[in-house]
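>>> pasting the sequence and the predicted coordinates here, then a few questions.
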Amino acid sequence: MLCRIGLFTILTTLLALPLRAEGVTSFTLDNGMDVVVIEDHRAPVVVHMVWYRVGAADEKPGKSGIAHFLEHLMFKGTDAHPGKEFGELVEANGGSDNAFTSWDYTAYFQRVAADRLDLMMKLEADRMTGLQLGDKDTGVKTERDVILEERNQRTENNAGALFNEQTRAAQYMNHPYGVPIIGWKHEMAALSKEDALEFYETYYAPNNAILVVAGDVDPAEVRVMAETHYGPIAPSTKLPDRARPAEPPQLAERRLTYADARVAQPYVLRTYLAPERDPGDQSEAAALVYLADLLGGEGATSVLGEKLQFETQTAIYTSAFYSGLSIDDTTFGFVVVPAPGIGLQEAEDALDKVLAEFMETGVDQAHFDSLKMQQRASDIYVRDNIQGLARIYGAALASGFSVADVQGWPEALQAVTPEDVMAAAERLLDRRRAVTGWLTRPETQEVTQ
Amino acid sequence: MIRFLCKIAVALALALPAQAAVEIEEVTSPGGIDAWLVEAHEIPFVSLEIRFKGGASLDAPGKRGAINLMSGLLEEGAGEMDARAFATARDALAASFSFRAYNDAMSVSAQFLTENRDQAVTLLRAALIEPRFDDDAVERVREQVLSGLRSDAKDPDKIASRTFNEMAFGAHPYATAIDGTEDSVTSLTVDDLRAAKDRVMARDRLYVSAVGDITGAELGVLIDRLLGDLPATGAPMPDAAPYDLAGGVTVVPFKTPQSVAVFGHRGIKRDDPDFFAAYVLNHALGAGGFGSRLMDEVREKRGLTYGVYSYLLPRDHAELVMGQVASANDRIAEAIKVIRAEWAKAASDGITVKELDAAKTYLTGAYPLRFDGNGPIADIMVGMQMQGLGVDYIATRNDKVNAVTLDDVRRVAAELLQPDDLHFVVVGEPVGLDVSN
């Protein structure tokens, strides 16, 4: 199977996974900053991450993109370490650093030799409250040009990315998950230094942050370092609640067609509003993980692959995807890329036929058992990637989950039964809560061939 | 994300040797196949990396894309199993296999658990030795390749790099994409695929590394069983590639808001005594970090792009210095102007002491950090073998970086960086660009 068609970054269950409890220590500093330490002594390396419980879905209306813009501006220096000194110090120590923004969190990380951890903490603690953007706007405006070029590169130059953006906006009628993380272009162009600083001062505080340290470290030493560098930072007393506008009942199916001359391969995308993992109750989400794998995981064994790629040549690629790690309602989706000569209506009808048949026939026990075996194995494979483990904990804690929730996820997955999967499917597959999108070329009016 | 992660740069970094506290054991199997092993018994699985030198460049004349399509079919039915039976068996073992073609190598990567290692190896052996190339599987994967080719034809990044290669490499395989053209892929037969397999998957071009929960004796038995029945010899290696591209600008009109530019000229061989001086030079010039001159001038000072970088590309049959940038259609001309100026400045003046020191501390400090997992270590080790480096290289690599002097860099910069030879292929609707060719 050649996986040439990278339509989506599909979060496989491997990424959603587990962790051995024995290598993980967690505690909270007096100022409210949560700390997770993951030990892995195989190589003299450490990953140091600070996660903030704020993301694009926490932005004010009209200020889309400010969470991500601030992430960029966080590299502009502080009084203690002006300009690019932070990055230069990381590089001078052979390290690498980066940051990322999601709807639910913003994170900064460095990967360095384990004996440089203290310096990383000193620098990251300094920029938690010490950011200086200067009196003039020049640097901020230049960086705004950079994020506009970033949007050009990721979205404007990519018909599939524009299509995803439109589909998502239709999926969420009221919740800010419908707004792109990078921002709508016209709102990005108007973001100011004041917008960034207001966001920074509101959300960047130790009691709104999680420190994750993973690698060749001793938890007791990490605690001392964390108390030294992060401990003195005063907690914020005015953190807003993370209550986002909720979705109203979705009563009407939505459909859209996006036509773009740059489309080489038309396809159908269907997403359903879906429940996310809930702290303390992850069973419904666990069932949906299996549903996605059963229907559209591995092409050669999934139900969609079998029916549309093997038994008939309706599609050249099919997939089902679901990621439950989210604060509010997430999405469950399907992609069908039709084979030559098959129209988009035909592809969509074939998808719906397969789903209807699945609801009749139910789960194949052997396939289900194989997926459970793979879930157990991923508990082994995931331990080879310490940075991946750090991200699992950081993303979960920044999204309101506890360490116990993260460590309980493998058990929640193992506890799922085929009946659970079918019940979850029954609740999920309601077209009134779905968006169906067609990505196509302008000249190809839909023709049944 | 604050910075664009450059896959090409990452690949190059991993292909370079590295240094860390890993103990490499050189294993020769009873059947005479060499492998490098790092035993790591903490986690009960093995990462196995296999390479066949030559890769897709060994496509027979007129059969471009055969090795790529063949690679995609190894897992689509083997021995007694059709594609679905194979996938079912693999998933039941929770093993993962990947087969990929590149310009200079074909790779086989596998991960399998200790608890069912023998069964996983039996399955992988079937894919390597007895692939079926069933008609329905061939047609299914062929359609996937064709779909990918059609998508690439509408992707500005792909259009840019493919145009550059077509203009640069004449009749050499490097001039065309490894996945072939719609015509060549459409006409490939099952016989072509079997012939392609025998051209590339042979023991006289084989490199093996393993990391994980296995001993040297066990690995020897394993690789004999897995690889012992491959043919002894394959097709002769390709000739050196000509480089025919003069300096200039080529525009490929494409309706999209942001222009993508790929640029480059002749480079330096991996085994050239000046390679490390060139590597240090490129780090300072454009390796992508915020310390690099291109990032500083094009992004930080002017906001013209989200990402700009340059890299050394020492392939087996040609060597290039390459780079890439993307800017809005009305700003790409300025970005190119700035890049040309930086190229010329580095060519005439070299780099500063501060830049040299920063590059050295970064490169030597980053070096042991690469060895942080079974998968990455196996990948690095197989790359080292393909470059003809010995296990002892790990201990001396940082010395080679540290030995580079300011004069070395200045001399190499004057030879390597040729601003007038730089050719830019620009895909988009660029405004105000002075076009040649």
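Cool, the structure landed. Predicted model, so just to flag it, every value in this text is computed and none were measured.

>>> pLDDT below threshold where in the stretch 151-300 of chain B?
B:288 (pLDDT under 70).

>>> what residues does it have near chain A?
By Cβ under 8 Å from any Cβ of the partner chain, the residues of the stretch 151-300 of chain B that approach chain A are B:151-156, B:179, B:255-258, B:260, B:289-291, B:299-300. Yep, even glycine has a C-beta here, placed from its N, CA and C like the rest.

>>> restricted to strands, list these.
B:258, B:260 (DSSP state E).

>>> out of the residues of the stretch 151-300 of chain B next to chain A, which end up buried?
Buried subset of these (neighbour count, 16 or more other Cβ atoms under 10 Å in any protein chain shown): B:151-152, B:154-156, B:179, B:256-258, B:260, B:289-291, B:299-300.

>>> in chain A, what residue comes closest to chain B?
Across chain A, no residue is closer to chain B than A:Gly94, which sits at 1.8 Å (Cβ to the nearest Cβ).

>>> doesn't that residue lie inside a helix?
No: A:Gly94: not assigned to a helix; according to DSSP: H, G, I helix; E, B strand; the rest coil it is coil.

>>> does the nearest residue to B:Gly170 once chain neighbours are set aside sit in a helix, a strand or a coil?
Nearest residue to B:Gly170, sequence neighbours excluded (Cβ to Cβ, 6 or more residues apart in numbering or on different chains): B:Pro242, at 4.9 Å. Under three-state DSSP, B:Pro242 falls in the coil class.

>>> return the residues of the stretch 301-437 of chain B in contact with chain A.
So the stretch 301-437 of chain B meets chain A at B:301-307, B:326-328, B:358, B:361-369, B:371-375 (Cβ under 8 Å from any Cβ).

>>> next, the contact list for the residue of chain A closest to chain B, please.
A:112-113, B:361-369 (Cβ atoms under 8 Å, 6 or more residues apart in numbering or on different chains).

>>> what sits up against the helix or strand of chain A with the lowest mean pLDDT?
Lowest by mean pLDDT, DSSP states H and E among the helices and strands of chain A is helix A:85-92, with a mean of 90. Contacts of helix A:85-92 with the rest of the structure, by Cβ under 8 Å, 6+ apart, involve A:75, A:77-78, A:81, A:96-97, A:110, A:112, A:119-120, A:123, A:127, B:289-291, B:358, B:361-362, B:365.

>>> show me what the nearest residue to B:Ala261 once chain neighbours are set aside is bridged to.
Leaving out its chain neighbours, the residue that sits closest to B:Ala261 by Cβ to Cβ, 6+ apart is B:Val426, at 4.7 Å. Counting by DSSP bridges, B:Val426 forms beta bridges with B:Val251, B:Ala261.

>>> A:Tyr290 and B:Tyr102, how far apart?
Here the criterion is Cβ to Cβ, to the nearest Å. By it, A:Tyr290 lies 35 Å from B:Tyr102.

>>> what is the host helix or strand of B:Val138 packed up against?
Element membership of B:Val138, judged by DSSP states H and E, is helix B:135-152. Contact here means 3 or more Cβ pairs under 8 Å, 6 or more residues apart in numbering or on different chains; DSSP states H and E; on that basis helix B:135-152 packs against strand A:315-322, helix B:66-73, helix B:156-168, helix B:182-187, helix B:190-200.

>>> contacting residues around A:His41?
If you count contacts by Cβ under 8 Å, 6+ apart, then A:His41 has A:Asp216 around it.

>>> pretty sure it is in a strand, no?
No: assigned with three-state DSSP, A:His41 falls outside any strand and is coil.

>>> now it. Its backbone dihedrals?
phi -100, psi 20 (degrees, to the nearest 10).

>>> cool, and the one 4 residues further on?
Here the main-chain torsion angles of A:Val45 (degrees, to the nearest 10) amount to phi -130, psi 150.

>>> that one and B:Arg370 touch, don't they?
No: in this structure A:Val45 lies outside contact range of B:Arg370 using Cβ atoms under 8 Å: 9.1 Å.

>>> neighbour-wise, which of these two wins?
Neighbours per residue (other Cβ atoms under 10 Å in any protein chain shown) separate A:Val45 from B:Arg370, with A:Val45 holding more: 24 against 20.

>>> so what's the residue minimising distance to the centre of chain A up against?
With distances taken as Cα atoms, centre = their mean, A:Ser102 lies nearest the centre of chain A, 6.0 Å away. A:Ser102 makes contact with A:55-56, A:181, A:395, according to Cβ under 8 Å, 6+ apart.

>>> what about residue 408, how many neighbours?
Defaulting to chain A. 19.

>>> oops, wrong one, chain B.
Neighbours of B:Asp408 (other Cβ under 10 Å): 19.

>>> that one falls within a strand, correct?
No: read with three-state DSSP, B:Asp408 is helix and lies in no strand.

>>> distance of the residue nearest to it when sequence neighbours are not counted relative to chain A?
In this structure, B:Asp408 finds its nearest non-sequential neighbour in B:Ala277, 4.1 Å apart by Cβ to Cβ, 6+ apart. The gap separating B:Ala277 from chain A is 19 Å, by Cβ to the nearest Cβ, to the nearest Å.

>>> B:Ala277 and B:Ala414 touch, don't they?
No: using Cβ under 8 Å, B:Ala277 is not in contact with B:Ala414; the gap is 11.2 Å.

>>> ok, the two, which is more surrounded?
Shown here are B:Ala277 and B:Ala414; by other Cβ under 10 Å, B:Ala277 has more neighbours (28 against 14).

>>> distance check, the more buried one against B:Ala366.
Taking Cβ to Cβ, one finds B:Ala277 at 18 Å from B:Ala366.
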